[in-house]
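Q: Would you be able to build a 3D model of this:
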Amino acid sequence: MSIFSYIGIAVTFIIALIIARPTGHYIAHAFDNTPNRLDRWFHPIEKWIYKFGGIKGENQTWKQYAGAVLISNTVILLIAYAIFRLQHVLPLNPAGITNMSPDLAFNTAISFMTNTNLQHYSGESGLSLFSQMTAIIFMMFVSPATGIAVAIAFIRGITGKPLGNFFTDLVRAITRILLPLTFIMALVFVGLGMPQTLHTVVTAQTLQGTEQQIGVGPIGSFLAIKELGNNGGGYFGANSAHPFENPGGFSNMLQMLMMLLVPMSLPFTYGKMVGNSKQGRVLFVSMVMMFVVMLSVSLASEYQGNPLINQLGIQHNAGSMEGKEVRLGEAQSSFYSVVTTASETGAVNNMHDTLTPLGGLIALGNMMLNTVFGGSGVGLLNILMYAIIAVFLSGLMVGRTPEFLGRKIEGKEMKLIAVTLLIQPLLVLAPTAIALMTQADTISNPGYHGLTQALYEFTSSAANNGSGFEGLGDNTPFWNIMTGVVMFISRYFSMVTLLAVAGSLMAKKPVPETSGTLRTDQALFGGMFIISVILVGALTFFPVVVLGPIAEMLTL
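A: Numbers count the residues shown, from 1 in each chain. Now for the predicted structure:
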């Protein structure tokens, strides 16, 4: 790896660090219920939407807020399912793409509504233009906006403020954050060479004198929300390895910046909303440290390549470049894989199935922890959950009732958090075991790597990431239904339980800070937060990763 590879990575990450704080403050202002300068530009549009939708904006209890999330998302999911099942007779289908099967439509609707974007179909041949432009792109806006809205409500609740109104928060997340930025970035992407057309194919003359049909579509606008909303689903089956989805090095850098933008900004939003910017910075620095460690390990592993190939005397690049983006090199491919799994986006510019065992472990680890920034809104929910766990464990060690933001953390809150912690391992490990016992014929690799393939599929589903290890014959009723159920439960179960935690803390009277109160805005707490993530999160999955990627690494 040349020095220019390191410089490219460093420049991208430094830009992400620089823009995170002002973006975080902007998001905080976007959800501030007091009049501010943003109202001048967005309030007229929002007022019309509220009137058309009958949204009055009254504060909701945590049960009402959770109910609004579940009902609205489920209705949109059902509408999308109907579109996928009827796309052959709907307009804007010049290629004559057939209807999706019931199980594939079920999987796809849940996948995009839960911000997972797991694709068991090839993008260019599985959906019509109508399906792409209505169901898919609409859900690409609503799903990240839902995550952001729930995170904002959680912040309000743990500080003792009313949770707000879900529909108001949803509209603001779209009109003030997602829509303006995607509009600008869509123009940038089109300028960089991404097609933006309602045609589905163009005819090219090859050097051999034959005609070739090349797929096109409204790709520039698709890519903008794909990356900014931490969606990740590809318009083409090759995703961001396709030159129309990723024309070159500059578009590759912009895509990673967009993936990181909202997740990296939300800790600063949190600090601004709770009135203690230091707390936000402590959490932000903690996540940056974990990200740097993950990235360093991945880069070192991919640069070393496959030890078996090295033993044969072949230059190491032959091993590390397997499945990588040849236009960009192994450094940018590895960097992209870490960014997309840390931000729970799921976009790929290389084949994760060809990552070295340690590189694959890093991608798995990012999704299993779901706190190395994490996805839009949901990542911050997990981060604050682990922050509460760190406070609780610290209180137990010194014999004091734990307090977080001036409110006592007691049995009710910890029971809800404990259940939330248990649901993800259950949704990952149990289906993986069932798949290994019953679906061996759909897993292309035997032994340790085959186990990792199945494990990655369910980890990606439970983390709402959507990237795949590939090598699976996953367009079957088993994989479509099982991953669909995992995606739905993992997405909404944690939202409901954590909104219940916020509702419980909101109802408590604040307690005065004393000399024995654990300060959550100091470096010590940042260290305790990281330790809690490792002890509670990482060790939960340690046995299974020993059987998968670690065993594969040790046997090479």
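
Q: centroid residue for this structure?
A: Glu344 (2.4 Å; CA atoms, centre = their mean).

Q: do you know how far that one is from Val262?
A: In this view, Glu344 and Val262 are 11 Å apart by CB to CB, to the nearest Å. All C-beta atoms are positioned from the backbone trio N, CA, C, and that covers glycine.

Q: do Leu86 as well
A: Distance from Leu86 to Val262, counting by CB to CB: 33 Å.

Q: Compare the two (neighbour count), which wins?
A: Val262 (31 against 14; other CB atoms under 10 Å).

Q: on that earlier part again, intersection of neighbour lists for Glu344 and Val262?
A: Asn230 (CB atoms under 8 Å, 6 or more residues apart in numbering).

Q: mind checking how far the nearest residue to Gly406 once chain neighbours are set aside is from Ala153?
A: Nearest residue to Gly406, sequence neighbours excluded (CB to CB, 6 or more residues apart in numbering): Pro510, at 4.0 Å. According to CB to CB, Pro510 stands 19 Å off from Ala153.

Q: likewise Leu384?
A: Distance from Leu384 to Ala153, by CB to CB: 12 Å.

Q: The two: which is more packed in?
A: Ala153 (31 against 24).

Q: Assign a three-state SS to the more buried one, would you?
A: helix (DSSP: H, G, I helix; E, B strand; the rest coil).

Q: any idea how far Phe166 is from Ile71?
A: Ile71 is 10 Å from Phe166, by CB to CB.

Q: Among the two, which residue is more densely surrounded?
A: Phe166 (24 against 11).

Q: Secondary structure class of the nearest residue to Gly360 once chain neighbours are set aside, three-state.
A: Excluding the flanking residues, the one nearest Gly360 by CB to CB, 6+ apart is Pro549, at 5.1 Å. Here Pro549 is helix, with the state taken from three-state DSSP.

Q: Quick check, pLDDT for Pro549.
A: Here the pLDDT value assigned to Pro549 is 93.

Q: neighbours around it, how many?
A: The burial count for Pro549: 27, using other CB under 10 Å.

Q: The one 3 residues further on too?
A: Around Glu552 there are 21 other residues, counting by other CB under 10 Å.

Q: So which bits of the helix or strand where it lies are buried?
A: Taking DSSP states H and E as the definition, Glu552 sits inside helix 551-555. Neighbour counts over helix 551-555 (16 or more other CB atoms under 10 Å) mark 551-553 as buried.

Q: How about stretch 20-31?
A: Of the residues in stretch 20-31, 20-21, 23-31 count as buried by neighbour count, 16+ other CB under 10 Å.

Q: Please apply the same query to stretch 124-140.
A: 124, 126-140.

Q: any idea how far the longest helix seen in the chain is from the chain center?
A: When the chain is parsed with DSSP state H, its longest helix is helix 477-506. Relative to its chain's centre, helix 477-506 lies at 14 Å (CA atoms, centre = their mean, to the nearest Å).

Q: What is the helix or strand just after that helix packed up against?
A: Downstream of helix 477-506, the next assigned helix or strand under DSSP H and E is helix 523-532. Applying 3 or more CB pairs under 8 Å, 6 or more residues apart in numbering; DSSP states H and E, one finds that helix 523-532 contacts helix 277-304, helix 378-398.

Q: Figure out which of the ones you listed is closest to Ala433.
A: With CB to CB, the closest approach to Ala433 among the helices and strands packed on helix 523-532 belongs to helix 378-398: 24.2 Å.

Q: Given the helix or strand following the closest one, what are its sheet partners and their directions?
A: As assigned by DSSP H and E, the chain's next helix or strand after helix 378-398 is strand 403-404. Strands that pair with strand 403-404, judged by DSSP bridges, come out as strand 407-408 (antiparallel).

Q: per-residue confidence averaged over the helix or strand following the strand it pairs with?
A: Note on strand 407-408: by DSSP H and E, the next helix or strand toward the C-terminus is helix 411-438. Taken as a whole, helix 411-438 has a mean pLDDT of 95.

Q: Likewise for stretch 359-377?
A: Stretch 359-377 carries an average pLDDT of 93.

Q: what's the answer for stretch 484-501, then?
A: Rounded mean pLDDT across stretch 484-501 is 97.

Q: got the buried residues for that stretch?
A: Quick answer for stretch 484-501 (16+ other CB under 10 Å): 484-492, 494-501.

Q: One more: stretch 177-194?
A: 177-179, 181-182, 185-186, 189-190, 194.

Q: Which of those residues sits closest to Ile534?
A: Among those, and counting by CB to CB, the member closest to Ile534 is Ile177, at 31.7 Å.

Q: Tell me if I'm right that that closest one and Val262 touch.
A: Yes. The criterion here is CB atoms under 8 Å, and Ile177 meets it with Val262 at 7.4 Å.

Q: where do the contact lists of those two overlap?
A: Joint contacts of Ile177 and Val262 (CB under 8 Å, 6+ apart) are 27, 148.

Q: Show me what stretch 199-218 is in contact with.
A: Contacts of stretch 199-218 (CB under 8 Å, 6+ apart): 94-95, 124, 129, 132-133, 195-198, 235-236, 244.

Q: 10 Å - rerun?
A: Residues outside stretch 199-218 that contact it (CB atoms under 10 Å, 6 or more residues apart in numbering): 92-97, 123-125, 127-129, 132-133, 137, 186, 190, 194-198, 235-237, 242, 244.
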